[in-house]
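Q: sharing a sequence plus its predicted fold:
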Amino acid sequence: MGQKIIRFSDLTGRHAEEDDGLVRIVVREHPELVDGPVAIEALPGELAGIADLALDLVTVELHHPDGDEPETVVMTVEAFDRLATVAPMAEVLRGAERAALAVPGPGAPAVAATARERVNYASLEHAGRPHKGRTTDAEKQLVRQHLDEINERLAAEGVRTVDLANAEHVTRYGLEDLARERGATLG
């Protein structure tokens, strides 16, 4: 007995013929994604002209003086360029200082990370560092088991530490038992 695999487009539900190849689409960011990138498939004809729909976007990080985590904002180039009133944005950017995308650990060489590198927050090198997205069970476990060591590293890097009196931190890293053991008062 043979089997027949029927492939179809995730976008339209249309069946792909045997000689039709499906295009794999990796969705890296979308407001509905909570656990990272996903892959879907579509027929090539369904994606005709997709490049014409692309937008020129700018991604910026806002590091507020009173905040402990940067805020990421994505906007059109036109909207971003309108923010510069003293000179054209191209001129402002040419005169700006370079910004490193990653904070190196103590003793590590200061190398800027590329936009495609992924930080493993489930490692002692990065656990506890502020980041957007979901905190994995592995990161939570590392923070619970090595809280003092992680806080020493974060403080040395000039990054906010994991505070047992901060209800958001306690919830994010599953530190309820440790907070009780150490007598922390949640604020």
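A: That came through fine. Numbers count the residues shown, from 1 in each chain.
Q: what are the boundaries of the helices in this protein?
A: Taking DSSP state H as the test, the helices found in the chain are 77-81, 89-94, 137-145, 147-157, 167-173, 176-181.
Q: turn these into a markdown table, columns for mean neighbour count, distance to residue 40 and mean pLDDT.
A: C-beta coordinates here come from the backbone N, C-alpha and C atoms, glycine included. A markdown table is the format used below for those (neighbours: other Cβ atoms under 10 Å; distance: least, Cβ to Cβ, whole Å; pLDDT from 0 to 100):
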| stretch | mean neighbour count | distance to residue 40 | mean pLDDT |
| --- | --- | --- | --- |
| helix 77-81 | 14 | 27 | 93 |
| helix 89-94 | 12 | 35 | 88 |
| helix 137-145 | 17 | 26 | 91 |
| helix 147-157 | 16 | 37 | 91 |
| helix 167-173 | 17 | 30 | 90 |
| helix 176-181 | 14 | 38 | 90 |
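Q: tell me which of those sits nearest to residue 130.
A: helix 147-157 (8.9 Å; Cβ to Cβ).
Q: next, the angle helix 137-145 makes with the closest one.
A: In terms of direction (axes from the mean of the first three to the mean of the last three Cα atoms, to 10 degrees), helix 147-157 departs from helix 137-145 by 100 degrees.
Q: could you check how far helix 147-157 is from the centre of its chain?
A: Counting by Cα atoms, centre = their mean, to the nearest Å, helix 147-157 is centred 21 Å from the centre of its parent chain.
Q: adding distance to residue 1, write the helices of the chain out as JSON lines.
A: Putting the helices of the chain into JSON lines (distance: least, Cβ to Cβ, whole Å) gives the following:
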{"stretch": "helix 77-81", "distance to residue 1": "57"}
{"stretch": "helix 89-94", "distance to residue 1": "64"}
{"stretch": "helix 137-145", "distance to residue 1": "42"}
{"stretch": "helix 147-157", "distance to residue 1": "57"}
{"stretch": "helix 167-173", "distance to residue 1": "52"}
{"stretch": "helix 176-181", "distance to residue 1": "55"}
